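1. Build the 3D model from these lines:
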Amino acid sequence: MSPSRRPHHEVQAFFHADTHTFTYVVHEGRAAVVIDPVLDYEPAAARVGTAAVDAVLAYVREHRLTVAWVLETHVHADHFSAGDHLREALGARLAIGAGITRTQARGKALFGLGEEFVPDGRQFDRLLADGDVLHVGAMAIRAMATPGHTDEGLTYLIGDAAFVGDTLLAPDTGTARCDFPGGDAAQLYASIQKILALPEDTRLFLCHDYPPATRGPMPETRIAAQRQGNVHVGQGATGAAFVALRTARDATLPVPQLLLPALQVNLRGGRLPPVEGDGVRYLRLPLNRYGGSGA
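-> Next up is the predicted model:
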């Protein structure tokens, strides 16, 4: 299908300011999917909230949409996923990239999870491989594997839109970090080249934006803008130059504030840890296992 004839589906963005995260509702008629939903989390008090996902649910109900799938672009390290919450609230199914099993295996070892956690992807309803297609009403949703930030990274291609997860940020802020377990800068460069090979008028929807003071949050950009102006991969930057830049930059970045609590929730598809004998759910914090001199 030529670029000019690709379907143009409705996209509604929701910005979660605390984590700089975008959630998207994509729909054609009443058929819909939700991409990268967020649960609120207050780290000082270890309290989970639903204000962000409640706004998504309000939009779905106002427009009388039927959400067939909740789609995760990857296992997020900076916010809690609301995937399981929406699955329960809407009767939807939950999908992520097939590489999740490798990420889960590493997470099980990191957090010392017991027999109740099986790292085979069963926490999700579908593990998507490169080229898999989901049909939702008139929408055809193609999964394009784009690892490098994480093993299971996916870009979702829906009509003239691409939902790129953390691979690309806005042109003035660059690309995703690659220093998490399973990250690989050379692999991310190859994934980004796959994205940049899409038609120039493709609408790129970002998972995060960290805007400078001169502008507000920007959910959408274009292939042409990324090719020309992305500060990490624009103007035909080579793979070697990107790997050198990304490696040097990642060495200066702090561990994300929510990485340890978020990973153990998001490995479960957004499901909170199981209730223990006292009726309470507990998160685990492995001491001196990640980051810094104790890694």
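
2. Please make it C-alpha for all contacts and neighbour counts, starting now.
-> Fine.

3. can you count the residues close to Asn288?
-> By other C-alpha atoms under 10 Å, 10 other residues sit near Asn288.

4. where's it, which helix or strand?
-> Counting by DSSP states H and E, no helix or strand carries Asn288.

5. Quickly note the distance from Arg139 to Pro219.
-> No Arg there; residue 139 is Met. 21 Å (C-alpha to C-alpha, to the nearest Å).

6. separation between Leu169 and Asp160?
-> 19 Å.

7. okay, those two: which has more neighbours?
-> Neighbour tally, Leu169 and Asp160, criterion other C-alpha under 10 Å: the higher count belongs to Leu169, 28 against 18.

8. Let me see the contact set for the nearest residue to the more buried one once chain neighbours are set aside.
-> Leaving aside its sequence neighbours, Leu169 sits nearest to Thr175 (C-alpha to C-alpha, 6 or more residues apart in numbering; 5.1 Å). Residues near Thr175 by C-alpha atoms under 8 Å, 6 or more residues apart in numbering: 166-169, 232-233.

9. ok, 7 Å please
-> Contact analysis of Thr175 by C-alpha atoms under 7 Å, 6 or more residues apart in numbering lists 167-169, 232.

10. Which strand residues bridge it?
-> Following DSSP bridges, Thr175 is listed with bridge partners Leu168.

11. pretty sure Met144 is in a strand, no?
-> Yes - assessed with DSSP: H, G, I helix; E, B strand; the rest coil, Met144 lies in a strand.

12. Distance of it relative to Pro43?
-> Using C-alpha to C-alpha, we find Met144 at a distance of 33 Å from Pro43.

13. Pick out whichever of the two has more residues nearby.
-> Neighbours per residue, other C-alpha under 10 Å: of Met144 and Pro43, the larger number sits with Met144, 24 against 11.

14. residues in contact with that one?
-> Neighbouring residues of Met144 by C-alpha under 7 Å, 6+ apart: 130-131, 154-156.

15. Helices of the stretch 101-250 of the chain, start to end?
-> With DSSP state H, counting those that start in this stretch as the criterion, the stretch 101-250 of the chain has helices at 185-196, 223-229, 239-250.

16. So which of the ones you listed is the most surrounded?
-> Stretch with highest mean neighbour count among these: helix 185-196 (a mean of 20; mean count of other C-alpha atoms under 10 Å).

17. Tell me the helices and strands packed up against that one.
-> Judged by 3 or more C-alpha pairs under 7 Å, 6 or more residues apart in numbering; DSSP states H and E, helix 185-196 is in contact with helix 239-250.

18. next SSE after the helix it packs on?
-> Using DSSP H and E, the next helix or strand after helix 239-250 towards the C-terminus is helix 259-266.
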